[in-house]
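# Next one to model:
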Amino acid sequence: MNLSRIARHVAILMLGLSAVSAQAAEQFRIAWTLYPAYMPWEYAQGSGILEKWAKKYGIEIEAVQVNDYVEAINQYTTGDFDACMMATMDALTIPAAAGTDSTVLAIADYSNGNDVIIVKNGKSLEDLRGEKVNLIEYSISHYFLARALQSVGMSERDVTLVNTSDADMAALFAQPSVSAMVTWNPMASKILESKDAVNVFDSRKMPSELTDSIVVNSKTLERHPALGKALVGAWFETLAVMQKDDEEGRKAREIMGLAAGTDRAGYEAQLQATHLYDDPGEVVALMADRRLQDTMASIADFSFENGLFGSGAQSSETIGLAYPAGAIRGDHNNIKLRFDDTYARLAADGEL
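Residues are numbered from 1 along each chain as shown. Modelled structure (predicted):
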């Protein structure tokens, strides 16, 4: 047989095998929206960090920016995304409440000034009495407002809530019909540039309470633990890069700042209001901390009282929440939100 013909056949066969191998790689997507603690996914995607970790575990992952925060969570809930960045509260009140079993791979941060209650020409929270307040209803912003009003002896009955998409907030604030808004960075920073915008309360007064998490579909994670390993590995590597005080770190923060509609200095200012959990060991400790369970219990009570668990819910314990070491709150037969420290522990032990 002609050797050149054999070589051609071998080459064709190898190409075919390569194509089959490429097609066989499982593909996953994580959704993120504009928020200082979510911007690392912009850099992880563009720099190749995410691709590197995905390849390590034989899968493909794409980090996708979605324009609207709640829409991103809704798309995750309906299965359009395998993972999503969201406030830990919203993981309970949207996907878990809708029946989507979800797992918190890691708590990413807490807001330390990023969430803000802004009043036009106001001086204090009391100036909200009788006013309309634009915010995303029944989200972490709603909970934030309720907790803030409680601190001055007020309640939601003292205001009128106006449901507003985060995509519209910056533009809407200038409208005469808008008198107050609950929002977060980068929108808050832009709004506060207006002469009539006054910060009357921010999340620095609620340290470690408003947290965000990397949330993954539990069934998908069970079938593909490689997804958890790759996401957590990419996350902590990206955080390590962006914290560097060198050219690489400054470039990373510049890229994130531009993606957030500002510059490096603007983004670095937003990071000052963000406590990033960049140490996986700290994340492991946090997820087992009783304070997390207490905060989630408070959130569950708020959610039930506001009807966020649906008309059939009998109590704030309708949805089961599972924590490391086997602790469970709520219905053991209806666990829909799990705090799993497995992957952060692997990262902490250098075993990813």
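# need the strands for this structure, in chain order.
26-32, 59-65, 83-87, 102-111, 115-120, 132-135, 160-163, 180-184, 197-202, 211-217, 274-276, 320-322, 328-329, 335-339 (DSSP state E).
# what sits against the closest residue to residue 26 other than its chain neighbours?
Spatial nearest neighbour of residue 26, chain neighbours left out: residue 59 (4.7 Å); criterion: Cβ to Cβ, 6 or more residues apart in numbering. Just so you know, the C-beta spots here come from the backbone N, C-alpha and C atoms, and that holds for glycine as well. Residue 59 makes contact with 25-28, 224, 226-227, 230, according to Cβ atoms under 8 Å, 6 or more residues apart in numbering.
# Using JSON lines, lay out those residues together with neighbour count.
Below are those laid out as JSON lines (neighbours: other Cβ atoms under 10 Å):
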{"residue": "25", "neighbour count": "11"}
{"residue": "26", "neighbour count": "16"}
{"residue": "27", "neighbour count": "11"}
{"residue": "28", "neighbour count": "20"}
{"residue": "224", "neighbour count": "18"}
{"residue": "226", "neighbour count": "18"}
{"residue": "227", "neighbour count": "24"}
{"residue": "230", "neighbour count": "26"}
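# now, among those, which is nearest to residue 147?
residue 227 (33.9 Å; Cβ to Cβ).
# My read is that the closest one contacts residue 82, right?
Yes: the pair residue 227 and residue 82 passes the contact test of Cβ atoms under 8 Å, sitting 6.6 Å apart.
# any shared contact partners between those two?
The contact lists of residue 227 and residue 82 share 28, 216, 220, where a contact means Cβ under 8 Å, 6+ apart.
# In space, what's closest to the second one - neighbours in sequence excluded?
Once its chain neighbours are removed from consideration, residue 216 has its nearest residue in residue 83; the separation is 4.4 Å (Cβ to Cβ, 6+ apart).
# Which parts of the stretch 1-150 of the chain are helices?
3-24, 40-47, 49-56, 69-77, 88-91, 140-150 (DSSP state H, counting those that start in this stretch).
# next one: the fifth one to chain centre, how far?
Here the centre of mass of C-alpha atoms in helix 88-91, compared against the chain's by Cα atoms, centre = their mean, to the nearest Å, lies 8 Å away.
# now do the second one
On the basis of Cα atoms, centre = their mean, the separation between the geometric centre of helix 40-47 and that of its chain is 15 Å.
# when you give positions from now on, start the count at 450
Sure thing, new numbering starts at 450, so read that last one as helix 489-496.
# how far away is residue 695 from residue 736?
31 Å (Cβ to Cβ, to the nearest Å).
# When the two are compared, which one has more neighbours?
Under the criterion of other Cβ atoms under 10 Å, the comparison of residue 695 against residue 736 puts residue 736 first, with 23 against 8.
# just checking, that one touches residue 553?
Yes: assessed by Cβ under 8 Å, residue 736 is found in contact with residue 553 at 7.4 Å.
# overlap in contacts of the two?
788-789.
# In space, what's closest to residue 482 - neighbours in sequence excluded?
residue 518 (4.6 Å).
# tally of neighbours for the one you found?
Here the count is done by other Cβ under 10 Å, and residue 518 has 27 residues near it.
# Any chance of the contacts of residue 508 in a markdown table with distance to residue 658 and pLDDT as columns?
Below are the contacts of residue 508 laid out as a markdown table (distance: Cβ to Cβ, whole Å; pLDDT from 0 to 100):
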| residue | distance to residue 658 | pLDDT |
| --- | --- | --- |
| 474 | 40 | 83 |
| 475 | 36 | 96 |
| 476 | 36 | 98 |
| 477 | 30 | 98 |
| 673 | 32 | 98 |
| 675 | 33 | 98 |
| 676 | 29 | 98 |
| 679 | 30 | 98 |
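# closest to residue 625 among the residues you listed?
residue 477 (45.4 Å).
# Report the beta-bridge partners for the closest one.
For residue 477, the beta-bridge partners under DSSP bridges are residue 510.
# check contacts around the residue nearest to residue 757 when sequence neighbours are not counted.
Distances taken as Cβ to Cβ, 6+ apart place residue 542 nearest to residue 757, at 4.4 Å, with adjacent residues excluded. Residue 542 makes contact with 587-588, 748, 752, 757-758, according to Cβ under 8 Å, 6+ apart.
# Dump these into CSV; add distance to residue 719, neighbour count and pLDDT as well.
Output for the contacts of residue 542, formatted as CSV (distance: Cβ to Cβ, whole Å; neighbours: other Cβ atoms under 10 Å; pLDDT from 0 to 100):
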residue, distance to residue 719, neighbour count, pLDDT
587, 25, 21, 88
588, 19, 23, 91
748, 24, 23, 93
752, 28, 25, 91
757, 28, 23, 87
758, 33, 21, 90
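# Check the residues you listed against residue 487 and report the nearest one.
For the contacts of residue 542, the nearest to residue 487 is residue 588 (14.8 Å; Cβ to Cβ).
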